[in-house]
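Visitor: Sequence and predicted structure, then a few things I'm wondering about:
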Amino acid sequence: MLVSLNWLRNYVDLGTNPPEELAEKITKSGIEVDGIEYIAEKSTGVVVGHVDVCEKHPNADKLNLCQVDTGEEKLQIICGAPNIAEGQKVAVAKPGAVLPGDFKIKKVKLRGIESNGMICSLQELGIDEKYVPKDTAEGIFVFPDDVTIGDNVADLLNLNDAVLEFDLTPNRADALSMLGVAYETAAILDEAIEFPDETVRTENEAAADYIAVNVEAPDLNPYYGAFVIKDIKIKPSPLWMRNYLMAAGIRPINNVVDITNYVLIEYGQPLHAFDYECFASDKIVVRRAKNGEKMITLDDQERTLSEKNLVITNGKEPVALAGVMGGANTEVHEGTTTVLLEAAIFDAVSVRKTVKETGLRSESSTRFEKGVDPNRVHKAGLRACHLLQQYADGKVLAGTVSFDELDRSEKTVEMETAEINKRLGTSIASEEIAQILRKLRFEFEQDKTNFIVHVPTRRGDITIFEDMLEEVARIYGYDHLPYTLPVGSSQSGGLTEQQQLKRDIEAYLQGAGLMETITYSLTKDDLVRKLVSPELSDQTLVPVQLSMPMSEDHKYLRLSILPELLQSLTYNQKRNQYDLAYYELGSIFISDEDTLTKQPTEQRRLAGALTGNWLEHPWQQEKKAVDFYLVKGIVEGLFAHVQIPVTFEQAKLPDMHPGRGATIKIADKVVGFMGQIHPQLQKIMDLKETYVFDINMEQVFAAYSNVPSYHEVPKYPSIARDIAFILAKDVVAGDVKATIEQSGAPLVKDVKIFDLYQGDNLPEGKKSVAYSLLYQHPEKTLTDEEIEASYQEIIETINKAFNAYVRS
Amino acid sequence: MKEQLSALETEALEKIAQVEDTKALQEIRVAYLGKKGSLTAILRGMGKLSKEERPVVGEMANHVRESITAALDEKGEKLEWIALEKQLETEAIDVSLPGRPVKVGGPHLLTSIIEEIEDLFIGMGYEVREGPEVETDYFNFEALNLPKNHPARDMQDTFYITNELLMRTHTSPVQARTMRANDGSKPVKMICPGKVYRRDSDDATHSHQFTQIEGLYVDKNVRMSDLKGTLDAFAKKMFGKDREIRLRPSFFPFTEPSVEMDISCKVCQGKGCSVCKQTGWIEILGGGMVHPKVLSMAGYDPEVYTGFAFGMGPDRIAMLKYGVNDIRQFYTNDARFLKQYHQV
Ligand SMILES: [Zn+2]
């Protein structure tokens, strides 16, 4: 809603408040003023002048030499506008005048003849092109005859007006009218309201002799009022009305159309004017359209209708899309003499549906969608008749022909001073509350501290006590509410164990060198099934799909974090950043339903992707590419950090390098996977060698116990023994380790692999793996003999189990 | 003999003082104190002395020995120190060369902001709650006083999956879920951060995915002034004590009365600039008193319980606080962008 302050001054005394201060007051009371626009940049020295003489420039075809009377002086001005003519009253920028854009007017010579000023178009005076009436867009602006020569053009054209841009919340439909804004500002400034003139002198002839109203869909059209105005003379509307319409963002057209638009903005009630002759019928029938019925709307588009649309017909064919747009065939035109004026109320939901279908959102439909005041529709009709009488020479026929099933009743809300103060935390006196209600112009009955408020129908948003509470609070001023902190039951608050664990895990990963990322949960067709964790791919998985995606790139809910995470690696690599170590903790969405009937299971997962060199600038260190074991070390460290035992098992996994992938298990249950992505996928995604991990956090949360189990610090010394086995290349080093642990129990407390050698000096097909064994007994110091016996037993067991021998 | 001893002492001490290296010092030690040394030789002549003289000369000889030994030791230490210093000099390095780098990761800027906000409210006794990102129409809209066909539903374009299931458009459904879980009898004091989704085309200021944090406090006798005090305390901690705060009336279907909170623009100090659209204020969060319909739908008696709720966008806060000018930066994960905020 664009609110011209000069227009608003017709109803409310705004005093000397500068626009900025007024905007601030309105904003603080509940309607956000999004901006202040000035109609035009400031101009000075422009006055009304009379073109006494207009002749061709002797040296130029397209220029005219004019003698212009500006009251104080007569000026010779050269003008190139095609529409300049003798006898016109025009806007003259005298020498010394300043036009928008800091354009200073000076005396100049054009083709040898002196020109002392400039005759201006509206655009040159700073009015936005889109609001300039079409007939004057190509030339200078011509004033109506009744303006006085020498008068200030800025005042006449409302150029000094400021326009407030309201950002209305959906509840404040009342402020979609100048009257509504008048109520609001009058309440804020505690001022009186001057109401518009609605008086009409009616003819003896009755409107009912010309038209009948028949509403067949009263649920969608509870009120339809028709006026008939004869002897209309189509001409431009008065200058002030054109000025206000332009300020409100509406382009003036002619007096009849301008008046309906003016009343629309003034009252918030859409009106429609039909040309009665073109209407070609003596009855209005309002009904649902027939499926497939066609009409041509004012914008010359042919529309195919359905029974969802409400139409105004002349009993035969549609002449308007109710509340949305009129028809081309009954449009008011230059020759119109009799106007059929509609003042009606249409159902909000029905109008919204039609708008959505046709894409025709207009000043009218917006107001019907938000709801109009049932007690203002008839008044708006009268106001339009008043203006048509005055500015279109119209003769208003007696009576309004109407269909009327309109509910005009007011709501009442009861409230009590103590309850208001209890809810707000204030101590407002009853008298002050009464004063607030008077400012709002709400009628009420008061019995000491009890109020019964009769909410005016213009405020359809107020139905319950809490709505009134807001009215009281906002006029009282949110600024004046005290600052308090809750005094109720105290709670300790804090993070849950899981939330704390999540933070701990993130701290570990960040400390380990990984950067957190957030990628999109919505992914595309060719990625959604990539890199799904093996424990999930066993079950039926149907990716959840949006019914109306915005783009093909974000269409499916992810089944793995990894594809989008890998995309962010690609993004970086395209920008020459190759050394990346990323992780993300987020949800995936699991469902097995083709058509979703319940929410998908949301599973939190931790995914990581690493590529390039571990250190970007490995100064004084080995330049080391990210590899399987680096990533495994990070994952092992993570599980060690949260004290959950975990194992890794070689696995061939989809989208993964067949020889460099592993499942991750907690107590024999697969909870994720890790390894190198398949070179084929790498190529498709335009990546370099990349390693990933993906862990089901729900399983980690389940396995986690936040009280670490207590281990007594050993009292007796431990003894380390190293041992290297020559193994066949295909023997899994981890299996050997497990066998050592088994065979050495309970004396061997820990086994670590500390070296792998495959190369010269070893027989064909063999490798050497070195293990470090830690012997320890909780109750005594182990003797050399005890250790030696265990050591020999281990060698023997490994020898039998793996055909392995000790490397000497 | 006394003179002899005295002369020997003087001579030895002089030599020790002049010596420059440990080897020469050792030679002096041998020359004076060794088995064949001068002092030893003098002492051998003691036999010739009278009974009376012997103890006196003996004492003197001991004194001379001690004196020379001490001088030798002192000089020895000194020479050793000089030698060490000389050696350390050769070990000098160029300290201007860089240190060996350590790989350091860090949190995403949005996570930092969210955790900062979480911690502020945890300090005020709030719990942290989470909820599903795929929501039912009921919890996302209806339970929040947004029935089907409500005009305010146009305020948010929604990614629907089916007629009843959708990507949540705000974190508010967690309010409804948490209240419901509390049986309509226990107080609720929680905040819920999370991802939300809107049917928007991605550009510098719009993202189809972003984050939100919602707060809710329901109890007996919760007042609107409590909301004002809580938000003021939060904003002062989050944005600094020098920022001014204003509340103004607004509209949300799930609160009544409703508020929006602005903070004074940091860029122009409230004078008006392009960041604050010349108003001097920047909108930072919305909230209000929980609508009685929302309370009763969740099982609370609005005659007994009242509450307040508020919601804010970490993306927007991050953009304001750190001057990030393109919301897509949060989701494209450019390493150069992510790294900037690890010190934050
Ligand atoms: Zn600013």
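Guide: The structure has been received and is ready for your questions. Numbers count the residues shown, from 1 in each chain, chains lettered A, B, ... in the order given.

Visitor: Could you export stretch B:4-24 as PDB, CA atoms only?
Guide: Backbone C-alpha positions of stretch B:4-24 (Å, rounded to 0.1, in the frame of the first residue of the first chain) are rendered in PDB as follows:
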ATOM      1  CA  GLN B   4     109.000 -20.000  48.400                       C
ATOM      2  CA  LEU B   5     105.300 -21.000  48.900                       C
ATOM      3  CA  SER B   6     104.100 -17.500  48.600                       C
ATOM      4  CA  ALA B   7     106.000 -17.000  45.400                       C
ATOM      5  CA  LEU B   8     104.700 -20.200  44.000                       C
ATOM      6  CA  GLU B   9     101.100 -19.200  44.800                       C
ATOM      7  CA  THR B  10     101.500 -15.900  43.100                       C
ATOM      8  CA  GLU B  11     103.100 -17.500  40.100                       C
ATOM      9  CA  ALA B  12     100.500 -20.200  39.800                       C
ATOM     10  CA  LEU B  13      97.500 -17.800  40.100                       C
ATOM     11  CA  GLU B  14      99.000 -15.600  37.500                       C
ATOM     12  CA  LYS B  15      99.500 -18.400  35.000                       C
ATOM     13  CA  ILE B  16      95.900 -19.600  35.700                       C
ATOM     14  CA  ALA B  17      94.600 -16.200  35.000                       C
ATOM     15  CA  GLN B  18      96.300 -16.000  31.700                       C
ATOM     16  CA  VAL B  19      95.500 -19.500  30.400                       C
ATOM     17  CA  GLU B  20      93.000 -19.700  27.500                       C
ATOM     18  CA  ASP B  21      92.200 -23.300  27.000                       C
ATOM     19  CA  THR B  22      91.400 -26.400  29.100                       C
ATOM     20  CA  LYS B  23      94.400 -28.300  27.900                       C
ATOM     21  CA  ALA B  24      96.900 -25.700  29.100                       C
END
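
Visitor: Report the buried residues of it.
Guide: For stretch B:4-24, the neighbour count (16 or more other Cβ atoms under 10 Å in any protein chain shown) marks B:5, B:8-9, B:12-13, B:15-16, B:19 as buried. No exception for glycine: its C-beta is placed from N, CA and C like everyone else's.

Visitor: Could I get the average pLDDT for stretch B:312-322?
Guide: Stretch B:312-322 shows a mean pLDDT of 91 in the predicted model.

Visitor: Is the ion within reach of that stretch?
Guide: No - contact of stretch B:312-322 with the ion (Cβ under 5 Å from the ion) is absent, the minimum separation being 10.6 Å.

Visitor: lowest confidence element among the helices and strands of chain B?
Guide: helix B:38-44 (a mean of 80; mean pLDDT, DSSP states H and E).

Visitor: Lowest-confidence one in the buried residues of stretch B:4-24?
Guide: Lowest pLDDT among the buried residues of stretch B:4-24: residue B:5, 82.

Visitor: Next up, phi/psi of it, please.
Guide: phi -60, psi -50 (degrees, to the nearest 10).

Visitor: same thing with the one 10 residues further on?
Guide: Geometry field for residue B:15 lists phi and psi as phi -60, psi -40, criterion degrees, to the nearest 10.

Visitor: burial count for residue 338?
Guide: By default, I'm working from chain A. Neighbours of residue A:338 under the rule other Cβ atoms under 10 Å in any protein chain shown: 19.

Visitor: hmm, I had chain B in mind actually
Guide: Counted with other Cβ under 10 Å, residue B:338 comes out at 25.

Visitor: in terms of contact, does it touch residue A:515 like I think?
Guide: Yes - in this structure, residue B:338 is within contact of residue A:515 by Cβ atoms under 8 Å, at 5.1 Å.

Visitor: overlap in contacts of the two?
Guide: When contacts are counted by Cβ atoms under 8 Å, 6 or more residues apart in numbering or on different chains, residue B:338 and residue A:515 are jointly contacted by B:106, B:108.

Visitor: Report the separation between the residue of chain A found nearest chain B and residue B:289.
Guide: Per Cβ to the nearest Cβ, residue A:425 is where chain A lies closest to chain B, at 2.7 Å. Distance of residue A:425 to residue B:289, computed by Cβ to Cβ, to the nearest Å: 11 Å.

Visitor: neighbour count winner among those two?
Guide: residue B:289 (26 against 19).

Visitor: Can you give the strand pairings for the helix or strand in which that one is found, parallel or anti for each?
Guide: Secondary structure assignment for residue B:289, by DSSP states H and E: strand B:281-290. Next to strand B:281-290 in the sheet, as set by DSSP bridges, lie strand B:255-264 (antiparallel), strand B:305-312 (antiparallel).

Visitor: Mean neighbour count for the ones you listed - can I get that in TSV?
Guide: Shown next, in TSV, are the strands paired with strand B:281-290 (neighbours: other Cβ atoms under 10 Å in any protein chain shown):
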stretch	mean neighbour count
strand B:255-264	25
strand B:305-312	25
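
Visitor: Quick one: these as a markdown table, columns for distance to residue A:315 too.
Guide: Shown next, in a markdown table, are the strands paired with strand B:281-290 (distance: least, Cβ to Cβ, whole Å):
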| stretch | distance to residue A:315 |
| --- | --- |
| strand B:255-264 | 46 |
| strand B:305-312 | 53 |
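
Visitor: coming back round to it: now, which of the buried residues of stretch B:4-24 sits nearest residue A:98?
Guide: residue B:19 (99.1 Å; Cβ to Cβ).

Visitor: Neighbours of the nearest residue to the closest one once chain neighbours are set aside, how many?
Guide: Leaving aside its sequence neighbours, residue B:19 sits nearest to residue B:25 (Cβ to Cβ, 6 or more residues apart in numbering or on different chains; 5.0 Å). Counted by other Cβ under 10 Å, the residues lying close to residue B:25 total 19.

Visitor: does residue A:175 really touch residue A:182, like I thought?
Guide: No - at 9.9 Å, residue A:175 does not count as touching residue A:182 under the criterion of Cβ under 8 Å.

Visitor: tell me the phi and psi of the residue of the stretch 51-200 of chain B found nearest the ion?
Guide: Closest contact between the stretch 51-200 of chain B and the ion, by Cβ to the ion, is at residue B:113 (20.8 Å). Here is the backbone geometry of residue B:113 (degrees, to the nearest 10): phi -60, psi -50.
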